[in-house]
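A.B. asks: Need a 3D model of the sequence below.
(2 chains)
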Protein chains: 2
Amino acid sequence: MEDRIITLGQSEIPKRWYNVIPDLPEPMAPPIHPGTKQPLTPDDLAPIFPMGLIMQEASGEQWVEIPDEIRDVYRIWRPSPLVRATRLEEELGTPARIYYKNESVSPPGSHKPNTAVAQAYYNKAEGVERIVTETGAGQWGSALSFACNLFGIKCKVYMVKVSYEQKPYRKSLMHIWGSEVVPSPSMDTQSGRKILEQDPKCYGSLGIAISEAVEDAATHDDTKYSLGSVLNHVLLHQTVVGLEAKKQFKLAGDYPDVVAGCIGGGSNFSGLAFPFVHDKVVDGKGTDIVCVEPLACPTVTRGQFRYDFGDTAQLTPLLKMFTLGHSFVPPPVHAGGLRYHGMAPLVSHLNKLKVMRTVAYHQNEVFESALTFARTEGIVPAPETAHVVHFAVQKALECKENKEEQCILFNFSGHGYFDLAAYDSYLAGELEDYAYPKEAIEKALAELPPVD
Amino acid sequence: MEDRIITLGQSEIPKRWYNVIPDLPEPMAPPIHPGTKQPLTPDDLAPIFPMGLIMQEASGEQWVEIPDEIRDVYRIWRPSPLVRATRLEEELGTPARIYYKNESVSPPGSHKPNTAVAQAYYNKAEGVERIVTETGAGQWGSALSFACNLFGIKCKVYMVKVSYEQKPYRKSLMHIWGSEVVPSPSMDTQSGRKILEQDPKCYGSLGIAISEAVEDAATHDDTKYSLGSVLNHVLLHQTVVGLEAKKQFKLAGDYPDVVAGCIGGGSNFSGLAFPFVHDKVVDGKGTDIVCVEPLACPTVTRGQFRYDFGDTAQLTPLLKMFTLGHSFVPPPVHAGGLRYHGMAPLVSHLNKLKVMRTVAYHQNEVFESALTFARTEGIVPAPETAHVVHFAVQKALECKENKEEQCILFNFSGHGYFDLAAYDSYLAGELEDYAYPKEAIEKALAELPPVD
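C.D. replies: Numbers count the residues shown, from 1 in each chain, chains lettered A, B, ... in the order given. Here you go, the predicted structure:
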């Protein structure tokens, strides 16, 4: 019997993160200060981020050393396994080889601690006592709670209200790791109060929760803000995923033809994909690199590529990215982590340059594939992860039809143990299949200022 | 940095299970037919178990070959990691070395699939179409659902009512893997109806749920019964845990002075401990082998060693074991998997022979240690597992006081992702600390027939 699981020893945990920026075929547009309309300077970000992370955000170095204190925490669960999905392949009868990088093995259950731990470390190093953040499905909030607990930092999480109610146990996990959690929009910030005045029943969005957390950080001296995706330094920290995967493929004597991940802000996808983007852009590999998003929040496939705010209350810098408009509140799909109007500038830029492509799916087809996965490979995917599982299934079936022996790799970004209510709904035939919210998106895009 | 996680390649998955029976210092008392009062024959068990498992139950062979079909399924998650709990050691400031075998990495989240997969295989091999079982906390029910799904067998689970209500997501998991789940006592069996007539609000127990499942199997031709613990063949299947651990200790250049596990029916403990019992009994090692049970259900520390039924309705054979009396219904502690009046005859026998010993703890002290574990090692323990975590913490603190560099190994039998409501209660200071239920136990023991 051949090995299904390809493991690495702990000495193989990467010693450096990979920064894709120097390998970009064309430079990216810089973030813009919303007041001055000038490119952002490090000082502009100093009120909300520690300087260590600000310098990484702007770094042009291809390799960034990972401090030993961070690698020491990574040793709690890393390297994560690379798994050959032999049982899924058999079920589908495909000649394709399907691999997944299993990031669900971390204590919070997703890839998120890869950056949470790094961010907690750099904040701690500069004496920050308290970190605030937002969370959608709760994956990010629990990861940051886990990290802050290990470094002895206080943490407050603004949790999108629909998830706060759908996923009470994500909240429990944050409490176990010592964090304070409030549903967003909350009465604790001016941004939250303003929204609740207009719509007391508002079920929240990542854009709103970001506004609340950024405001909290900007108005408390001992406090910094932390973002779980979108920004360059976050994507940088996630590259441990792809760097390990490349070592594991070398051990397996294989290399992927297709690399895929689901995208909400873009970080789990980028973490896996960027080291393969390097091989494509620098070494000329023909890898098909694919982002997967929900049709209920189709940022890259239906949005505009332009400057927009990262949050609803217009507190963040302007980022050049694919956006559905910062006032767009996505339908309450169970994949809360994918309910974001914007997209990482790096992922947006690489999509624009056609180094990668994006596909969008409906909620119910995604759950159907997730169930097939759970019944063959055993693990129940998080609703976010279910999107890329569905892509892998579709791709493998395409290979079957075309008799192609392609090698498919995807990021199994998180497990669904906290999302079983969604599976209950699906199995009961009660899961809403949200259509593409065309009108709401057109309205939000129309509200943006004209592009210069 | 040294490795915290000691992994094995998949070719190291054991090829044989270890049977402790030939190594026992004295032979065990046989199971007795309740009607004839004679030792049980294989034919007596044939209505409810497949012959493959019945022969294992009575086997005197020291090594039992693991069929390739079972090892193939084990490859979904095995070998499980052996982890050096460096962060817990630091937190406690102990000179002890603490290791845990992490069985929570299986898709159902515990050690239970080690035997569920084997049982599903042997049933399938003899053409069984449907399997019924009971489950306490839901760990066993979800493991058997997982296994039955993989082998294409129908499965019905009688789930102890208090857990059915406390842990709805365990039920969801069983549904995902295609099982039918009912709360026990149920109206589906005569045993269940009888109990509900007497006490419509009965919150159930493992003893009651076993009666229901055994009755279901005995009254349906296409159906066999499956038990998740207690019996010799179940403990046999679990020995993959200890066999792997021994290989991993060899790699680490270490060997445990103390080996511990929590006991409900005894299977996770035995799986880890029996291969070390071999070294103690055959090779004269001085290992301290320790069972950990809840004071709310203190079977070994407060029960009688005698013949009793395995279930409430007196449908099972009589087993010589520690028992609190088959009519005893334990308080609804969150460690549902430890709420059993009896104990595996093998574990009982080895306790009686003083090859091992047993300690009992209160619910709240157990949760305190579980929280320490979650905040240092990251993983949240299941309430059952929390018992052995508490023992390890106590032992490590004892080593600190005595300046002893002992090596402690325990079985991290399952994670607590489905038990977070219990942690919510603990953190809110609302967790009941159930006293030793002395009177109820004395009453249940007094109801047993006198020992011949």
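A.B. asks: Contacts only, for the spatially most central residue of chain A.
C.D. replies: For chain A, the residue sitting closest to the mean C-alpha position, by Cα atoms, centre = their mean, is residue A:267 at 3.8 Å. Counting by Cβ atoms under 8 Å, 6 or more residues apart in numbering or on different chains, residue A:267 makes contact with A:111, A:112, A:115, A:228, A:229, A:230, A:234, A:235, A:238, A:344. Placement of C-beta: from N, CA and C, glycine included.
A.B. asks: Which elements pack onto the helix or strand hosting residue A:291?
C.D. replies: Using DSSP states H and E, residue A:291 maps to strand A:288-294. Strand A:288-294 is packed against strand A:258-262, helix A:267-281, helix A:299-302, helix A:345-352, strand A:357-361, helix A:383-402, with contacts defined by 3 or more Cβ pairs under 8 Å, 6 or more residues apart in numbering or on different chains; DSSP states H and E.
A.B. asks: quick one: that strand to strand A:357-361, angle?
C.D. replies: 30 degrees (axes from the mean of the first three to the mean of the last three Cα atoms, to 10 degrees).
A.B. asks: got the residues of the stretch 301-450 of chain A near chain B?
C.D. replies: A:371, A:374-375, A:377-380, A:417-418, A:420-421, A:423-424, A:427 (Cβ under 8 Å from any Cβ of the partner chain).
A.B. asks: Can you add secondary structure and give these back as CSV?
C.D. replies: Below are these laid out as CSV (DSSP: H, G, I helix; E, B strand; the rest coil):
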residue, secondary structure
A:371, helix
A:374, helix
A:375, helix
A:377, coil
A:378, coil
A:379, coil
A:380, coil
A:417, coil
A:418, coil
A:420, helix
A:421, helix
A:423, helix
A:424, helix
A:427, helix
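A.B. asks: so which of those residues is the most crowded?
C.D. replies: residue A:418 (30 neighbours; other Cβ atoms under 10 Å in any protein chain shown).
A.B. asks: surely it meets residue A:172?
C.D. replies: No. Using Cβ atoms under 8 Å, residue A:418 is not in contact with residue A:172; the gap is 9.3 Å.
A.B. asks: Of all pairs in the residues of the stretch 301-450 of chain A next to chain B, which one spans the longest distance?
C.D. replies: A:377 and A:421 (21.5 Å; Cβ to Cβ).
A.B. asks: to the chain's geometric centre, what's the distance from the worst-scoring helix or strand of chain A on mean pLDDT?
C.D. replies: For chain A, counting by mean pLDDT, DSSP states H and E, helix A:161-166 ranks last in confidence among helices and strands (a mean of 86). Helix A:161-166 has its C-alpha centroid displaced from the chain centroid by 19 Å (Cα atoms, centre = their mean, to the nearest Å).
A.B. asks: in the stretch 51-200 of chain A, which spans are helices?
C.D. replies: A:51-57, A:68-74, A:86-92, A:113-125, A:139-151, A:161-166, A:168-176, A:190-198 (DSSP state H, counting those that start in this stretch).
A.B. asks: Residue A:15: which of the ones you listed is closest?
C.D. replies: Comparing these by their distance to residue A:15 (Cβ to Cβ), the top pick is helix A:68-74, with 7.2 Å.
A.B. asks: does chain B sit close to that closest one?
C.D. replies: Yes. Contact of helix A:68-74 with chain B (Cβ under 8 Å from any Cβ) involves A:68, A:71, A:72.
A.B. asks: Just the buried residues of the contacts of residue A:267.
C.D. replies: A:111, A:112, A:115, A:228, A:229, A:230, A:234, A:235, A:238, A:344 (16 or more other Cβ atoms under 10 Å in any protein chain shown).
A.B. asks: Go ahead and confirm the first one touches residue A:270.
C.D. replies: No. Residue A:111 is not in contact with residue A:270 according to Cβ under 8 Å; the separation is 10.2 Å.
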